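>>> below is the sequence, then the predicted model.
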Amino acid sequence: MLLIFILISNCSSDSIDNFNNAKVFPLLSKLLQKDYFKFYKVNMLRPCPYWPDDHQCASKECGIQHCDDEVPLALRKKSSIIPASNEVEVETVSRSGSDCETSNQFDPLDTSLSEYDRAQLRDMDTFEDTSDRFCDVEDEDSADMHYVNLSKNPERYTGYKGNSATKIWQAIYQENCFKPDPKFDKNFLLHPTTGGLCLEKRVFYRLISGLHTAITISIASYNYKPPLAGFGEGTWYRNVEMFKGRFGPQWGQEGLERLKNLYFVYLLELRALQKIAPYLKTELFYTGSTEEDQETRAIMNSLIQIATNIPESFDENEMFKGVEADARLLREEFRLHFMNISRIMDCVGCDKCRLWGKLQTHGMGTALKILFSDLPRSINGNGKSHIPFYLTRNDLVALFQSFGRYASSIVEINEFRRIIQSSIKSE
Ligand code: FAD
């Protein structure tokens, strides 16, 4: 039985298509255009930690523009770290205290304050347990971090391919997907979704493959045809042949599996959104513009209502179970492998692909942090009750924007299917 059917209780891909295409995607598209969600802060200059940089892409489509001056002042203030529940006990490191001094303070989230006010009030560094971080996120106040307006730099075809792109995907699959026990499966790379891997490792593979599928679908949906004879502008179009070539019959069952992996990531991120829904309901999404913020909250509330009415689709409690020490080790291995993948994104040789690769691993890492932060503690049973994780605005942007890429890809799969079916009928 396929893993997706083990983890998806009530959802078939048809029912996901229905609620995504009719309800989730239209609202999400509006939300991602709002100021709070469209400005992402990113360091594009971080060197590749694994091999000499080849940050060269000949295509003009690879370029991105920073937009620091365009960003509302309220968003540009010191990055705020926000708790993900209404009433939480926060472990903080006080600035005035000694380096190691910790204090526990009860910190109800005061919704009458703006996010910026709260950040000001909480003018102290917040202690975050780095063992909860699934991706390598930089200090937002670092000088190399700049804002990018994501709505002006959409993910699409850039012409990035060849050795550099192949090396990245190979590094991701061969070095970072957990290796199976060779006695079970000697052909892991040919059939990576089959035997010899425990649930967690198969989930890991499905996440990476689902991310890869979404990137491929973005490229096929927004593909570029250069101008005839090299004059004038080219055209953007939906490249049906490319879609067929990447997922069609020549791949056999594997093509279908790759599409299913996309639905799998979608459901995992949806589950993360469901889990932080109580916090999202009270968040002000403050940008300094009353009208803009009201609209953002209204869209968010409608989206949460829809998302929380969808039956829970992914059961994170099924993971990292079993013997306590083994489960903790496995969770740590999972986290470190994912962290590695987020670092590999700094090696992507095309700026736009690197931007979206970094954002999507950040979004997925945020979802994993939301889903799995409290698991080792409950496994651990150390009885320490404190908030299991923190989220910055940038974390939320990455989470929602990456969810947006999966939601859009599901819409696109249906479009490709429709076009392919109607061309078969007319033959
Ligand atoms: P690739 O997509 O490079 O795949 C390599 C091999 O991986 C395939 O032959 C297949 O065996 C296997 N594979 C493919 N899909 C899956 C899957 N879903 N699950 C498991 N295995 C799979 N190009 C753009 O034009 N725009 C972008 O925004 C963009 N972003 C990128 C972001 C990243 C992080 C990377 C690494 C590359 C990006 N690229 C982008 C390049 C793009 O992903 C392809 O590498 C390129 O189009 C060449 O495709 P390909 O046919 O060689 O197969």
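All right, it came through fine. Numbers count the residues shown, from 1 in each chain.

>>> contacts, neighbours, all on C-alpha from now
Fine.

>>> okay, residue 262: pLDDT?
Note on residue 262: pLDDT of 96.

>>> please see if the helix or strand hosting it touches the ligand.
If you go by DSSP states H and E, residue 262 is part of helix 253-275. Yes: Helix 253-275 comes into contact with the ligand (CA under 6 Å from any ligand atom), by way of residue 258.

>>> now the helices for the stretch 101-250 of the chain?
115-121, 163-170, 199-221, 240-247 (DSSP state H, counting those that start in this stretch).

>>> list the buried residues of the longest helix belonging to the chain.
If you go by DSSP state H, the chain has its longest helix at helix 393-425. Across helix 393-425, burial judged by 16 or more other CA atoms under 10 Å covers 393-413, 416.

>>> then stretch 30-38?
Quick answer for stretch 30-38 (16+ other CA under 10 Å): 31-38.

>>> not counting its own residues, what contacts that stretch?
71-72, 75, 149-151, 285-287, 292, 296, 299-300, 396-397, 400-401, 404 (CA atoms under 8 Å, 6 or more residues apart in numbering).

>>> ends of it, what's the gap?
From its first residue to its last, stretch 30-38 covers 11 Å (CA to CA, to the nearest Å).

>>> residue 61: which of the helices of the stretch 101-250 of the chain is closest?
helix 199-221 (11.9 Å; CA to CA).

>>> distance between that closest one and the chain's centre?
11 Å (CA atoms, centre = their mean, to the nearest Å).

>>> what does stretch 343-359 give?
The answer for stretch 343-359 is 13 Å, by CA atoms, centre = their mean.

>>> keeping just the C-alphas, turn that stretch into PDB.
Extracted in PDB, the C-alpha atoms of stretch 343-359 (Å, rounded to 0.1, in the frame of the first residue of the first chain):
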ATOM      1  CA  ARG A 343      22.200  24.600   3.000                       C
ATOM      2  CA  ILE A 344      22.500  23.000  -0.400                       C
ATOM      3  CA  MET A 345      20.100  25.700  -1.700                       C
ATOM      4  CA  ASP A 346      23.000  28.200  -1.400                       C
ATOM      5  CA  CYS A 347      24.700  26.200  -4.200                       C
ATOM      6  CA  VAL A 348      21.900  26.700  -6.700                       C
ATOM      7  CA  GLY A 349      23.500  28.600  -9.700                       C
ATOM      8  CA  CYS A 350      20.500  30.700 -10.700                       C
ATOM      9  CA  ASP A 351      19.300  33.500  -8.400                       C
ATOM     10  CA  LYS A 352      15.600  33.100  -8.900                       C
ATOM     11  CA  CYS A 353      15.800  29.300  -8.500                       C
ATOM     12  CA  ARG A 354      18.000  29.800  -5.400                       C
ATOM     13  CA  LEU A 355      15.500  32.300  -4.000                       C
ATOM     14  CA  TRP A 356      12.500  30.000  -4.400                       C
ATOM     15  CA  GLY A 357      14.600  26.900  -3.400                       C
ATOM     16  CA  LYS A 358      15.600  28.700  -0.100                       C
ATOM     17  CA  LEU A 359      12.100  29.900   0.500                       C
END
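
>>> picking that back up, does any part of the longest helix of the chain sit near the ligand?
No: against the ligand, helix 393-425 shows no contacts by CA under 6 Å from any ligand atom, the least distance being 11.2 Å.

>>> helices and strands around that helix, which ones?
With contacts defined as 3 or more CA pairs under 8 Å, 6 or more residues apart in numbering; DSSP states H and E, helix 393-425 has these neighbours: helix 13-19, helix 25-31, helix 35-38, strand 39-43, helix 199-221, helix 240-247, helix 253-275, helix 351-372.

>>> mean pLDDT lowest for which of those?
helix 13-19 (a mean of 86).

>>> what residues does the stretch 101-250 of the chain put near the ligand?
Counting by CA under 6 Å from any ligand atom, the stretch 101-250 of the chain comes close to the ligand at 155-161, 165-166, 168-169, 209-210, 212-213, 215-216, 219.

>>> buried subset of these?
Neighbour-count burial (16+ other CA under 10 Å) applied to those gives 155-160, 165, 168-169, 209-210, 212-213, 215-216, 219.

>>> just the CA trace of the helix holding residue 262, in PDB.
Extracted C-alpha coordinates of helix 253-275, given in PDB (Å, rounded to 0.1, in the frame of the first residue of the first chain):
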ATOM      1  CA  GLN A 253       4.300   4.300 -12.000                       C
ATOM      2  CA  GLU A 254       7.200   6.600 -11.000                       C
ATOM      3  CA  GLY A 255       5.600   9.600 -12.700                       C
ATOM      4  CA  LEU A 256       2.400   9.100 -10.800                       C
ATOM      5  CA  GLU A 257       4.300   8.600  -7.600                       C
ATOM      6  CA  ARG A 258       6.000  12.000  -8.100                       C
ATOM      7  CA  LEU A 259       2.700  13.700  -8.500                       C
ATOM      8  CA  LYS A 260       1.300  12.000  -5.400                       C
ATOM      9  CA  ASN A 261       4.300  13.200  -3.500                       C
ATOM     10  CA  LEU A 262       3.200  16.800  -4.300                       C
ATOM     11  CA  TYR A 263      -0.200  16.100  -2.700                       C
ATOM     12  CA  PHE A 264       1.700  14.600   0.300                       C
ATOM     13  CA  VAL A 265       3.700  17.800   0.900                       C
ATOM     14  CA  TYR A 266       0.500  19.900   0.500                       C
ATOM     15  CA  LEU A 267      -1.200  17.900   3.200                       C
ATOM     16  CA  LEU A 268       1.700  18.100   5.500                       C
ATOM     17  CA  GLU A 269       1.900  21.900   5.300                       C
ATOM     18  CA  LEU A 270      -1.900  22.100   5.600                       C
ATOM     19  CA  ARG A 271      -1.700  20.100   8.800                       C
ATOM     20  CA  ALA A 272       1.000  22.600  10.100                       C
ATOM     21  CA  LEU A 273      -1.400  25.500   9.300                       C
ATOM     22  CA  GLN A 274      -4.200  23.700  11.100                       C
ATOM     23  CA  LYS A 275      -2.000  23.300  14.100                       C
END
